[in-house]
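Trainee: got a sequence here, can you model it:
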Amino acid sequence: MMQHLVLVPILLPLLTGAILLLLERRHEVRVLRRGAWMGLSLLLLASVALVLRADEGRVEAYLMGDWPSRLGIVLMLDRLSALMVLTTTLLAIPALLYACAGWDRRALHFHALFQIQLAGLNGAFLTGDIFNLFVFFEVMLIASYGLLLSGARGERIAAGMHYAVFNIAASTLFLIALGLIYGLLARSTWPSWRCAWPKSRRRMRRWCGPRWACCWWCSAPRPRCCRSTSGCRRPTPARRPRSRRCSRS
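Mentor: Predicted coordinates for the structure are as follows:
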């Protein structure tokens with residue numbers, strides 16, 4: 001049962017947000033606040049349990065549905081990810097406390113969107129795949145759009161639209177970067193990148209023709225044609241010293 005503990009910080013906020021969304025029409029704000037605090041308390045307990053489990057020093061990989069890492073969702077638990085989940089939960093407590101002072105009455109679906117944003121943050125910290133990282137980022141951003149624009153008027157709507165446009169553009173660039181990394185390494189999980197490192201150096205040399213592909217892989221040793229800052233140039237062949245002929249007297 002403890003092996004499924006890594007799923008709790010993701011599934012628990014999603015389940016809590018879905019229940020709060022169903023209770024919004026028939027119950028008052030007090031009931032929604034109690035449900036939000038109950039879900040956050042359970043999330044805090046799960047975060048502490050993850051930290052204690054990760055403190056053993058092992059890195060655990062959880063395969064969703066027992067699918068291989070190339071096809072399914074991979075979740076990884078180590079000390080850093082467990083501490084980030086715990087930090088997110090601790091920061092969510094004063095945020096929810098401030099919202100329960102009266103701001104949650106003005107925002108539509110506040111408590112449900114708040115829980116969905118927590119699920120996106122925890123999923124981004126626990127994922128072991130770059131494409132799933134993009135998915136959890138989008139879940140987090142969509143919830144933030146709703147939190148920012150709900151109950152807004154005038155200048156706040158204009159600022160929220162700017163925030164949404166900038167994040168959509170950044171998400172597009174992020175997706176393009178993920179495609180380039182996957183095209184270079186042919187793998188999407190973090191542990192498999194070390195195995196694909198020797199092959200990626202060979203592919204980098206093949207891609208050295210276009211200027212945009214010369215030096216973006218910073219940790220790879222640059223070939224001779226990429227050392228110049230002005231762009232790619234063909235390496236000049238070394239000149240051979242001319243042999244002097246002795247004149248006959």
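Trainee: element containing Leu113, please.
Mentor: Taking DSSP states H and E as the criterion, the element that holds Leu113 is helix 110-126.
Trainee: same deal with Leu75?
Mentor: Leu75 is part of strand 74-77 when elements are defined by DSSP H and E.
Trainee: how far does that strand sit from its chain's centre?
Mentor: 13 Å (Cα atoms, centre = their mean, to the nearest Å).
Trainee: and it, what's its mean pLDDT?
Mentor: The predicted model assigns strand 74-77 a mean pLDDT of 86.
Trainee: relative orientation of the following helix or strand past that strand and helix 110-126 in degrees?
Mentor: Going down the chain from strand 74-77, the next helix or strand is helix 79-99, by DSSP H and E. With axes from the mean of the first three to the mean of the last three Cα atoms, to 10 degrees defining the directions, helix 79-99 sits at 170 degrees from helix 110-126.
Trainee: which secondary structure elements does helix 79-99 contact?
Mentor: The criterion is 3 or more Cβ pairs under 8 Å, 6 or more residues apart in numbering; DSSP states H and E, and the helices and strands that helix 79-99 contacts are helix 29-54, helix 110-126. C-betas here are computed from N, CA, C, even on glycine.
Trainee: mind putting those into JSON lines with mean neighbour count and distance to Leu148?
Mentor: What follows is the helices and strands packed on helix 79-99, written out as JSON lines (neighbours: other Cβ atoms under 10 Å; distance: least, Cβ to Cβ, whole Å):
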{"stretch": "helix 29-54", "mean neighbour count": "17", "distance to Leu148": "19"}
{"stretch": "helix 110-126", "mean neighbour count": "25", "distance to Leu148": "10"}
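Trainee: and the ones you listed as JSON lines, adding mean pLDDT and distance to Ile157?
Mentor: Formatted as JSON lines, the helices and strands packed on helix 79-99 follow (pLDDT from 0 to 100; distance: least, Cβ to Cβ, whole Å):
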{"stretch": "helix 29-54", "mean pLDDT": "92", "distance to Ile157": "24"}
{"stretch": "helix 110-126", "mean pLDDT": "92", "distance to Ile157": "17"}
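Trainee: between those helices, which one is closest to Phe166.
Mentor: Nearest to Phe166 among the helices and strands packed on helix 79-99 is helix 110-126 (17.7 Å), distances taken as Cβ to Cβ.
Trainee: hey, C-alpha coordinates of that closest one in PDB?
Mentor: Extracted as PDB, the C-alpha positions of helix 110-126 are listed here (Å, rounded to 0.1, in the frame of the first residue of the first chain):
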ATOM      1  CA  PHE A 110     -12.200  29.500  -5.900                       C
ATOM      2  CA  HIS A 111     -11.800  26.400  -3.700                       C
ATOM      3  CA  ALA A 112     -12.000  24.000  -6.600                       C
ATOM      4  CA  LEU A 113      -9.500  25.900  -8.700                       C
ATOM      5  CA  PHE A 114      -7.200  26.200  -5.700                       C
ATOM      6  CA  GLN A 115      -7.100  22.400  -5.200                       C
ATOM      7  CA  ILE A 116      -6.600  21.800  -9.000                       C
ATOM      8  CA  GLN A 117      -3.600  24.200  -8.900                       C
ATOM      9  CA  LEU A 118      -2.100  22.200  -6.000                       C
ATOM     10  CA  ALA A 119      -2.500  19.000  -8.000                       C
ATOM     11  CA  GLY A 120      -0.600  20.600 -10.900                       C
ATOM     12  CA  LEU A 121       2.200  21.800  -8.700                       C
ATOM     13  CA  ASN A 122       2.600  18.500  -7.000                       C
ATOM     14  CA  GLY A 123       2.500  16.600 -10.300                       C
ATOM     15  CA  ALA A 124       5.200  18.800 -11.700                       C
ATOM     16  CA  PHE A 125       7.500  18.000  -8.800                       C
ATOM     17  CA  LEU A 126       6.800  14.300  -8.800                       C
END
